[in-house]
Each structure stands twice: as C-alpha cells, then as structure tokens.
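S.K.: Using only what follows, build the 3D model:
(one chain, ligands or ions: 3)
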Amino acid sequence: MTTHSADTPGYTLLGRVNTPADLRQLPVRELPHLAVEMRRHLIETLGRIGGHFAANLGTVELSIALHHAFDTPHDRLVWDVGHQAYPHKMLTGRRARLESIRKLGGLMPFCHRGESEYDAFGVGHSSTSISAAAGMAAAARVKAEQRRVVAIIGDGGMTGGMAYEAMNHAGHLGLDLLVVYNDNDMSISENVGALRNHSARIAAKLGFPTPHREAEGCENAMHLADRPGALFETLGFAYHGPIDGHDLDALLGAFEQLKDAKGPQFLHIITTKGKGFEPAEGDPIKYHGVTQFDPVTGAFPGKKPGSKQTYTQVFGDWLCETAARDPKLVAITPAMREGSGLVEYSQKFAERYFDCGIAEQHAVTLAAGLACEGLKPVCAIYSTFLQRGYDQLIHDVAIQNLPVLFAIDRGGLVGADGATHHGVFDLSFLRCIPNLVVMAPSDENELRRQLATGLAHAGPSAVRYPRATVQGVEVDVIAKPLPLGKGRVVRETHGRRRPRVAFLAFGAMVQTALEAAEILDATVADMRFVKPLDVELILDLAQENDLLVTLEENARLGGAGSGVNEVLAAHHQPLSVLNLGLPDHFVEHGTREELLAQIGLDAAGVLRAVQKRLRGKEFDARESALPRQA
Ligand SMILES: Cc1ncc(C[n+]2csc(CCOP(=O)(O)OP(=O)(O)O)c2C)c(N)n1
Ligand SMILES: CC(=O)[C@@H](O)[C@H](O)COP(=O)(O)O
Ligand SMILES: [Mg+2]
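M.R.: Ligands and ions are numbered 1, 2, ... in the order given. The predicted structure follows:
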C-alpha cells in the first residue's frame, strides 16, 4: 500500500495549509477539496498508526469552518473530550506530526494547552468544554476584551451533567458564548437518553440521514419535535439549527450569523461519525478507537493465534456467568459498554443492564438506589472516570454501607491516552473511605475470586484491574470468595543471602515483583487486599526480613504502600521500608510498557531501586540479568 504524505502528488492543497492563516487565504470554493484531502490523510495516517478515528472523520468540515470563520487563536475554540480534534490539529501546524499522536514523545492524544496556542483548554474527560468556555467568556467580560469563545461538544458529551450546569450558569450570566452541538447520534456505543431521542425525532422530521436514529420511547415528546430548541432555550441559549455539519456553506453561513451575536448561542449541527469512510460510517463503534487497518477495505489484522484474554474480557465473562446464577445482579456502565467488556452481558441481560450515558456521578448513585432495593449492582467504571463519581461513592454508597461492587477497569497506566486517562490515584482515594473493601488481582483467577468476594460482601467493595492481557493461569470453574483481608505468599526466599528482602506487591505489580525477586532471592507477597490490609502477614514479613518493598501501579503518595507504613508504625516496627509506585508528577502517553520502564516500575527499575537502597551489600553477578534501561 503506498503511503501518502500531504506532500505526495495528488495532494494539491493540504501541503499549503498549515495554519488558520493559510486556510483563510484559500478561496471558499476550494474548502470542499481541502476537506477531501484532509479526510484522505486521516484515513491513510490512522490506517498506519491507529488511534481515535471515526469521530475525526466527522469534524473535518466543522474544523475548517471554525478556523476559517473565527480569528483563532485569539478567538477560543474549546473541544470537548478532544478525541475528535485531529482535523483541528492538522489545521494548526501539527499535520506533519499527526503520525506521532499518542506515541511516546509524540503529539498529545487530546487537546493540550502546552502543545499549541490553538488548544485553548486541555481535555480528555468529557463534558468540560462549556464550563471552560464559559470561564473564558466571563474573563473576556471582566477584562473588557473583544474575544469570541466557542465550545464544541458531542451528543455523548451532552449526556454529562456538567454540560447543563455550565449552560444554566452561562445562560444566567448571559455570556457571549457559542456552543456547537455536534450531534452524530453516537457516543462510543449508540448514544442514550431522552435528549438523544428528541434529537432523533428532529433529524428524522427534517430528513437527515438517521442510520442510528430509531427514535424510541417518550412518545409524548413527539410535540417537542416542533420546538427543537426548547430545552436549550430554557437554559438561556438561543437555539439555531439543526444544520448539516458536513455542508461547508451552511456552517460558514451559520458562523457568520452567530459569531458576533450577543448572549449565549446554541448551534445544533448533525454529522455522521465516520463520515467519508464507508466501513466506519457503517460501524462507528468499531472504528471509534482503532489499531492499524487497511485504508482501502477497512480490514483489521487478524487476532494473533493463542493471544490471551484481557482482564476486561475475563470480567465480562464472569459477569455473564454470575448473572445467569444470580437474578439480583444488575450492571451499570457510564457509556463504556465496549471498553468495560459489557457487550455480551448487555445482550443477554438487557433488562438488568443500564448504560446511563457519560454520567459517572449518576451511575454511582443509581447503583446506590438499586442496592437500596435489594439488588446487587455491579458498577463497571474506568478508574479515571470514577474520579467523577467520588463524592457519590462516599456520600451515597459508603456512608450508607450499600453493597455496590465497583469493577474498576483501567487501573494503573493505560498507555496511549496518557495523563488524563491513567487510573493511578484510585488506591489512594479509595483506601481512605470507611466501609469500603479494596482489592487488586494479580492474575485472572484472582480477578474472578475478588469479584466473587465483592459480590458476596454485605457492603461496598472495589476490584481494580489493569488495561492488560492476563497471565494465562488456570481459572477455577466456580470463583470462590476469598477470606477478607488475607494476602498470600507467592514466592518464598531460599534464604541464600542477607540482607533479606520481601516484596509486598499489589495487583499487576505481583508479576513484576516475582521477576525482580528471582534475582534478589526475595520473598513475594501478593497482598490481594489494599483494604483491609493483611496486618498479620505484614508483621510476619517484618519479623523475617531486613527490607520490605511495597510495589503498586498507583501514586506512591497515599497508596497501598502508605497503608503498609501505617501498619508498621502502629505496631512500632522500626524497619526499613521502600515504597515503590508512581512518582508525584503526571505521566504522559506511550505504551504501558514504555511508561512503566520510564518511571522505573518495570522489573529492571524495581531491581535498581532495591539495589540503591541496599547499596554496598554484595550481590551475585546475576543481578545484571535483567535488561538495563537504555
Ligand atoms: C468523563 C468521561 N467519561 C467517559 C469518557 C469516554 N469517552 C470518550 S469519547 C466518548 C463518547 C463521546 O461521544 P460524543 O461526545 O458524542 O463524541 P463523538 O465520538 O460522537 O464525536 C466517551 C464516552 C470520557 N472521555 N470522559
Ligand atoms: C476518548 C476516550 O476517553 C475513550 O475513547 C478512551 O480513549 C477509551 O479508552 P480505552 O481504549 O482504554 O477503552
Ligand atoms: Mg456523538
């Protein structure tokens, strides 16, 4: 397959448009051709490197029209989530580096203030754009500056409550602010919500293509189709549209009309996720986030034979098995059905499945309500997105000691999504909550048993597991609950050497500890529980060893290792302890393996850290057996 760069013959315009200033030099009649070339460049590049894909095909014309109509970067564009901002990046000096996006040292996965003056706000988590834009519009008012501010938010983003908080306030203030509602009737999965059904009716009524828009439920809302903007007008916004979000003339006309309008403006555009690439238009879920694919056929490389399952898949299988036996089990996802492994469950147990949209706060308290009525809710939620529902976890679940099981996926470094998505704070922010049991599995059998433990527990519990493939161990047919608060020793030292070292490892780091322990002839404990900690095991290891090394893929500050320190201090155990975890800075994007090595949480890094602590003591020659960091 020939790889085209923007300077390859056949690209007549793209090589000439590197900045919005270049773009504004182009005659409007050439913009549609620019869109064709940008779309082609996206398909060819993403086919090679993978990344967020379908949403970007949907914002090509929108990005062109925005940078053509507004005086960026003086005027501010705030993209919501930012996974759909690759065309924006292409038009703002970063097309040549698009190949590096989400790679170690490459372009940021989403918009980032440190990457470009055109990135008005750092994003990655959904539904923040209107609040940020409102802040910028309010600042312009306070500073008496002439500056236009635009938020671009999708229909998925509009299922996040923060968007309404922002609109309600901006409407109250009467801010000069434009919200562009990019409605493609898709989240990652099909979008959900009454607003989505309302939009489906509007689209159908106006003859827009509605491939995913069977308008369901809320029949009494039919009359609203005649007043498409009612909700937004109530919030103080002048509603405009809907218009075709791929029609450059319509977009440019709307922006000319609205860019200097006074007060809050809401422009509803209808787009197609995956626009211009038939495989993605047909299956925007599959092409939301992609690995490499054939830019002509859209085909993905086949699965490697013998490839192992992921923790996510093991969770999904466990959930289906368990739901078949336990009619009280219900499952909730805040708009992450595919990523959380819930597709099969949602098909088999549709009446016990709740996708509540990008609404993590609601998801957590919905679970609490379900638990109040005697059901057993499993809230499947990424670690990073649980941060959105933290108060609800404390206030609505833990204080009331309700039996909600949090299946926390993406626990630890997630890789290409970078700092906004790493789930590296949960052990710190969970273990301080009374009533909550917190577990982290070291392999797939442990995952199943910890899930079973949580489901059987009479109060709230959390099991956090990584974005990774499993270990390939034997799994018990029936996953039996574990004894609460008990860890296990998974490697005994052979006692060949002093000083004696013991690793107290949590979750995925148990495997890393085992690798380093082979060189050190160290003991390794799989702690299993971050809360309650196995105090007896900790004190026994303190008696038998000269150095305890705690190891976790979580912020070191306040993490599981801090809990071990607290136990030792409480029992007056003056012992040398080395706490290994994430450093006190945000970790950028790259592969998980690259990032673990970068911060010294791979086996070689762990070994170096222990050696440093024990410096001066003899070590046998094998200590260099692990590859040194380049
Ligand atoms: C708080 C939060 N929850 C979940 C996600 C995961 N997520 C990323 S994009 C997306 C769907 C966004 O849908 P929409 O805003 O309509 O954008 P589209 O992909 O359709 O262009 C979701 C759920 C997120 N980024 N932030
Ligand atoms: C943009 C966004 O937040 C999601 O698309 C996220 O990137 C999904 O992450 P996973 O790829 O780990 O499911
Ligand atoms: Mg959408």
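
S.K.: C-alpha only now, for contacts and for neighbours.
M.R.: Noted.

S.K.: Any idea which residue is closest to the centre of the chain?
M.R.: residue 421 (4.6 Å; C-alpha atoms, centre = their mean).

S.K.: Contacts only, for the closest residue to ligand 2 within the stretch 1-150 of the chain.
M.R.: In the stretch 1-150 of the chain, the residue that lies nearest ligand 2 is residue 83 (5.1 Å; C-alpha to the nearest ligand atom). Shown in contact with residue 83 (C-alpha atoms under 8 Å, 6 or more residues apart in numbering): 52, 55-56, 109-110, 124.

S.K.: Quick check on these: which are buried?
M.R.: Among the contacts of residue 83, the ones that count as buried by 16 or more other C-alpha atoms under 10 Å are 52, 55-56, 109-110, 124.

S.K.: just checking: which of those residues also lie near ligand 1?
M.R.: 55, 124 (C-alpha under 6 Å from any ligand atom).

S.K.: any chance of the buried ones among the contacts of residue 83 in CSV, plus distance to residue 132 and secondary structure?
M.R.: Below are the buried ones among the contacts of residue 83 laid out as CSV (distance: C-alpha to C-alpha, whole Å; DSSP: H, G, I helix; E, B strand; the rest coil):
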residue, distance to residue 132, secondary structure
52, 23, strand
55, 21, helix
56, 22, helix
109, 19, coil
110, 15, coil
124, 13, coil
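
S.K.: Can you tell me how far residue 105 is from ligand 3?
M.R.: 29 Å (C-alpha to the ion, to the nearest Å).

S.K.: Just give me the neighbour total for that residue.
M.R.: By other C-alpha atoms under 10 Å, the residues close to residue 105 number 11.

S.K.: So it belongs to a strand, correct?
M.R.: No - Residue 105 is assigned coil when assessed by DSSP: H, G, I helix; E, B strand; the rest coil, not a strand.

S.K.: can you pull the contacts of it?
M.R.: 589-590.

S.K.: okay, and for the stretch 1-150 of the chain, where does confidence drop off?
M.R.: For the stretch 1-150 of the chain, the stretches with pLDDT under 70 are 1-9.

S.K.: Among the buried ones among the contacts of residue 83, pick out the one closest to ligand 3, please.
M.R.: Nearest to ligand 3 among the buried ones among the contacts of residue 83 is residue 55, at 7.6 Å by C-alpha to the ion.

S.K.: Residue numbers of the stretch 51-200 of the chain in contact with ligand 2?
M.R.: Residues of the stretch 51-200 of the chain lying near ligand 2 by C-alpha under 6 Å from any ligand atom: 83, 124.

S.K.: any chance you could map the helices in the stretch 51-200 of the chain?
M.R.: 54-57, 60-69, 86-89, 129-142, 161-173, 194-205 (DSSP state H, counting those that start in this stretch).

S.K.: One more: the stretch 251-400 of the chain?
M.R.: For the stretch 251-400 of the chain, applying DSSP H, counting those that start in this stretch gives helices covering 278-282, 311-325, 343-348, 360-372, 383-386, 390-392.

S.K.: Distance-wise, check the residue nearest to the centre of the chain relative to ligand 3.
M.R.: 19 Å.

S.K.: Flag every buried residue along stretch 429-436.
M.R.: Applying a neighbour-count criterion of 16+ other C-alpha under 10 Å, one finds 430-431, 435-436 buried in stretch 429-436.
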